[in-house]
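Asks: Any chance you can model this:
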Amino acid sequence: MNGSGIEVIVGCMFSGKTEELIRRIHRAQYAKCPVAAFNHTLDGARYKEGSLVSHNGIEVPTHAVSNPADIASLTHKDGADVVAIDEGQFFHREIIQVVTRLAEDGHRVIVAGLNLDYRGEPFGPMPELMARADDITLLTAICTCCGAEATRSQRIIESESQILVGSKESYTARCRQCHEPESAA
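Replies: Residues are numbered from 1 along each chain as shown. Below you'll find the predicted structure:
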């Protein structure tokens with residue numbers, strides 16, 4: 001297949017990562033490329049089970065998985081040329097080898113996820129996926145405090161856990177200057 005490789009879409013909450021992933025899925029489908037879409041089971045029921053859904057309600061059917069090996073097996077079962085993975089930060093580091101192997105086998109693999117956690121620290125396997133990527137898209141949101149370009153996700157509810165699945169009730173977008181990594185407000 002032409003166009004194989006690894007594409008990574010990263011940014012903070014509300015930057016449009018899932019929307020961009022869905023846009024690329026639709027373009028691949030328009031070009032008649034078979035697509036297999038995946039999201040992590042942690043995020044699978046946030047909006048609609050069995051669908052990849054952006055914050056603005058755009059959706060595509062998806063497989064909710066937690067084991068990265070399932071991505072490879074379902075990709076082959078579906079006969080997909082394009083593999084789209086959302087919420088890459090939630091996956092175990094094994095996702096790096098799975099994505100690399102799929103790309104080496106001729107697949108176009110697109111992974112979207114948060115590059116930084118709510119403290120502004122590198123999140124899960126995303127930094128290494130970025131290092132191995134053939135193409136990286138860094139998206140920004142708008143800071144809800146000052147209106148600048150936001151690159152951080154500010155948690156606005158109390159929790160010490162690195163992973164806390166949520167949306168506008170739990171997070172807001174912030175620029176570097178307005179981000180308060182040790183605060184939940």
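Asks: State the distance from residue 123 to residue 80.
Replies: Residue 123 sits 26 Å away from residue 80 when distances are taken as Cβ to Cβ, to the nearest Å. Using the backbone N, CA and C atoms, a C-beta is placed for each residue, glycine as well.
Asks: What pairs with the lowest-mean-pLDDT helix or strand in the chain, parallel or antiparallel?
Replies: Of all the helices and strands that make up the chain, the one with the lowest confidence by mean pLDDT, DSSP states H and E is strand 51-53; it has a mean of 72. In the sheet containing strand 51-53, the strands it pairs with under DSSP bridges are strand 59-61 (antiparallel).
Asks: Give me the sheet partners of whichever helix or strand comes after the partner strand and which way each runs.
Replies: Of the helices and strands lying after strand 59-61 in sequence (DSSP states H and E), the nearest is strand 63-65. Partner strands and pairing direction for strand 63-65 (DSSP bridges) are strand 35-40 (parallel).
Asks: Phi and psi next, for the residue lying farthest from the centre of the chain.
Replies: With distances taken as Cα atoms, centre = their mean, the residue sitting farthest from the centre of the chain turns out to be residue 146, at 25.6 Å. Phi and psi for residue 146, reported as degrees, to the nearest 10, are phi -120, psi -10.
Asks: what's the single longest helix in the protein?
Replies: helix 17-30 (DSSP state H).
Asks: And it, what's buried?
Replies: 17, 18, 19, 20, 21, 22, 24, 25, 28 (16 or more other Cβ atoms under 10 Å).
Asks: Let me see the contact set for the residue nearest to residue 11 when sequence neighbours are not counted.
Replies: Spatial nearest neighbour of residue 11, excluding adjacent residues (Cβ to Cβ, 6 or more residues apart in numbering): residue 139 at 3.5 Å. Counting by Cβ atoms under 8 Å, 6 or more residues apart in numbering, residue 139 makes contact with 9, 10, 11, 15, 16, 17, 20.
Asks: same check, this time on residue 96
Replies: When the contact criterion is Cβ under 8 Å, 6+ apart, the partners of residue 96 are 125, 128, 129, 132.
Asks: Look at it and report its pLDDT.
Replies: Residue 96 carries a pLDDT value of 98.
Asks: helix/strand/coil for it?
Replies: Following DSSP: H, G, I helix; E, B strand; the rest coil, the label given to residue 96 is helix.
Asks: And the contacts of the least confident helix or strand of the chain?
Replies: Counting by Cβ under 8 Å, 6+ apart, residues outside strand 51-53 touching it are 18, 21-22, 25, 37, 39, 46-47, 59-62, 84, 86.
Asks: Residue 32: neighbouring residues, count only.
Replies: Here the count is done by other Cβ atoms under 10 Å, and residue 32 has 7 residues near it.
Asks: one step back: could I get the phi/psi values of the residue nearest to residue 11?
Replies: phi -100, psi 150.
Asks: separation between it and residue 19?
Replies: Residue 139 sits at a distance of 9 Å from residue 19 (criterion: Cβ to Cβ).
Asks: Thanks a lot, see you next time.
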